[in-house]
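[1] Based on what follows, work out the 3D shape:
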Amino acid sequence: MLLQEKKAAKVRYRPKDAFHQGLQAEVGALLVRSAGRARRQLAMKAAVTSTWFYSSYLALVFLDLRLWQAVALTVSVSLAAASVAMGTAHDAVHGTISLNRSLNAAVALVAAPFGISRTWWRTKHNMLHHSFTNVDEIDDDLHFGRLVRLTPYQPWHPWHRYQHLYAWLLYPLLYLAMLVNGDLAFISRGEIGASKVATATLRRALWLLAEKLTGLVLVLGIALVFQPALHVLAVYLAAAVLAGFIMAVVFQTGHCLDSTTFLKPAADTGQVDSGWALTQVAGTADVAPTNWLYTTFTGGLNLHIEHHLFPQANQLLLPAIAPIVRRHSEAIGIELVVLPTVRTAVRSHQRHLRELGRQPTP
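    Purely as a prediction, here's the structure:
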């Protein structure tokens, strides 16, 4: 695998420690006991959220609506899209919807037509983000172009002084940026950020473009047959902006806080001073873990520490995994980053943006 040849050799974690081994043993036993039932429950949840998305979409397309009804359904379709992305497509990419890989791939494609290559997202998310969480240059989730500085290792520019203000205007554009430009380097050149992850060929590029666009073109095409083009464009952009903002807030508050850690491996050896599991704990946060509605809506992504330690674990089992992680962490004197509410997490991210926006001391 090219990723491992080019990048994994540059990051060396310490050998698996007692903390990691103890967690794996206890959580592994829980997963063996509960995985089958949780998988069936997750399939039902996926059906519900996808039905929510498509029913909102079909109502917008086929019903004769008043303005307030169209606005309400636009909000509904955007909330549904965000929930499907975080709680269904994300899980399908991790392989937790089904034991059948083909079924997981199908769910990721049809749960909602996002217009983003599933293969790109799987590579970017599973192989780069989860393997090298908060590692400078390799974790592409830390890069927002030159406009936003998210780690102390990224270059500082004068405009970063104001990023704690303007970043919130950029976050709603997250989905549209992924749609327009996010996966194009991967499709055309086999690259994600600084990482070369695949060999680029014409056949591969055509397949990935079909994977990216087929569902989106079909859904927009149906809408354009029955509704004026300007109405379709307005609804699509409004839903995309709202869904993008929601996902940006969830993603950023999972890692980019004033209390999480960012890593820069030793330049000569790529060595990191701790094991993989401890780097996940240091670079990840739980947000509103006792808020059932938020947990359900985000697909358990607010229980982000547990998700990162066990990315193949069903989202419905993360609340049961959380106390196990907490107990093992307390046993070795590690304090987890847990924000009790979404508001406190947003404030932490705001402080992080403000701090990194200050000009570094020479």
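
[2] Tell me who's in contact with the most centrally placed residue in the chain.
    Taking CA atoms, centre = their mean, the centroid of the chain lies closest to Phe251, which sits 5.6 Å from it. Contact analysis of Phe251 by CB atoms under 8 Å, 6 or more residues apart in numbering lists Asp141, Leu174, Leu301. Yep, even glycine has a C-beta here, placed from its N, CA and C like the rest.

[3] Could you list which of the residues you listed belong to helices?
    The members of those that map onto helices under DSSP state H are Leu174.

[4] could the contacts of Phe251 be laid out in a markdown table, adding pLDDT and neighbour count?
    As requested, those are exported to a markdown table (pLDDT from 0 to 100; neighbours: other CB atoms under 10 Å):
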| residue | pLDDT | neighbour count |
| --- | --- | --- |
| Asp141 | 91 | 20 |
| Leu174 | 91 | 22 |
| Leu301 | 96 | 23 |
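
[5] what about the helices in the stretch 151-300 of the chain?
    With DSSP state H, counting those that start in this stretch as the criterion, the stretch 151-300 of the chain has helices at 163-170, 174-177, 184-189, 202-226, 229-255, 276-282, 292-297.

[6] Can you get me a residue count around the closest residue to Thr133 other than its chain neighbours?
    Distances taken as CB to CB, 6 or more residues apart in numbering put Gly283 closest to Thr133, at 4.8 Å, once the chain neighbours are dropped. Residues lying near Gly283 (other CB atoms under 10 Å) number 25.

[7] okay but Gly283 is in contact with Thr260, surely?
    Yes: at 5.3 Å, Gly283 counts as touching Thr260 under the criterion of CB atoms under 8 Å.

[8] Find the residues that touch each one of these two.
    Listed as contacting both Gly283 and Thr260 by CB under 8 Å, 6+ apart are Asn134.

[9] Show the backbone phi and psi for Leu63.
    For Leu63, the backbone dihedrals (degrees, to the nearest 10) come out as phi -90, psi 150.

[10] what's the closest non-adjacent residue to it?
    Gln69 (7.8 Å).

[11] Could you name the specific helix or strand carrying Val48?
    helix 18-62 (DSSP states H and E).

[12] Pass me the low-pLDDT residue ranges in the chain, would you?
    1-9, 362 (pLDDT under 70).

[13] how close does the most far-flung residue of it relative to its centre get to Phe310?
    Relative to the centre of the chain, and counting by CA atoms, centre = their mean, the farthest-placed residue is Asp64 at 35.6 Å. To Phe310, Asp64 is 48 Å away according to CB to CB, to the nearest Å.

[14] wait, what's in contact with Ala59?
    With contact set as CB under 8 Å, 6+ apart, Ala59 has these partners: Leu65, Leu73.

[15] and what of Asp286?
    Per CB under 8 Å, 6+ apart, neighbours of Asp286: Asn302, Leu303, His304, Ile305, Glu306, Ala322, Leu336, Val337, Val338, Leu339.

[16] was I right about the third one contacting Ala288?
    No: with contacts counted by CB under 8 Å, His304 stays clear of Ala288, the gap being 11.0 Å.

[17] With neighbour numbers in mind, choose between the two.
    Between His304 and Ala288, counted using other CB under 10 Å, His304 has the larger neighbour count: 25 against 21.

[18] what sits against the more buried one?
    His304 sits in contact with Gly254, His255, Thr284, Ala285, Asp286, Val287, where contact means CB under 8 Å, 6+ apart.

[19] How about Gly300?
    Counted by CB under 8 Å, 6+ apart, Gly300 has contacts Gly87, Glu306, His307, Gln315, Leu316, Leu318, Pro319.

[20] helix/strand/coil for the last one?
    Pro319 carries the three-state label helix when classified by DSSP: H, G, I helix; E, B strand; the rest coil.

[21] Check the contact between it and Leu303; I expect there is one.
    Yes: contact status for Pro319 versus Leu303: in contact at 6.7 Å, counting by CB under 8 Å.

[22] what's the overlap in contacts for those two?
    Common contacts of Pro319 and Leu303 (CB under 8 Å, 6+ apart): Pro289, Thr295.

[23] Those two - which one has more neighbours?
    With neighbours defined as other CB under 10 Å, Pro319 and Leu303 compare such that Leu303 has more, 26 against 15.

[24] That one and Pro323, how far apart?
    On the measure of CB to CB, Leu303 and Pro323 end up 11 Å apart.

[25] Mind naming the longest strand for the chain?
    strand 271-275 (DSSP state E).

[26] In the sheet, which strands lie alongside that strand, parallel or antiparallel?
    strand 12-14 (parallel) (DSSP bridges).

[27] how many neighbours does His129 have?
    23.

[28] Grab the nearest non-local neighbour of it.
    Asp141 (5.0 Å).

[29] out of the contacts of His304, what pair is the most spread apart?
    His255 and Asp286 (11.5 Å; CB to CB).

[30] and Leu213, what does it touch?
    By CB under 8 Å, 6+ apart, the contact set of Leu213 is Gly115.

[31] let's number from 127 now, not from 1
    All set: I'll call the first residue 127, so the last point we hit is now Leu339.

[32] any idea how far it is from Ala408?
    The spacing between Leu339 and Ala408, counted by CB to CB, is 39 Å.

[33] rewinding a little: my guess is the residue nearest to His255 contacts Gly380. True?
    No: assessed by CB under 8 Å, Asp267 is found out of contact with Gly380, at 9.2 Å.

[34] I'd like to know how many residues surround the closest residue to Val358 other than its chain neighbours.
    Take Val358 and drop its neighbours on the chain: the residue closest to it by CB to CB, 6+ apart is Ala349, 4.7 Å away. Residues near Ala349, counting by other CB under 10 Å, number 21.
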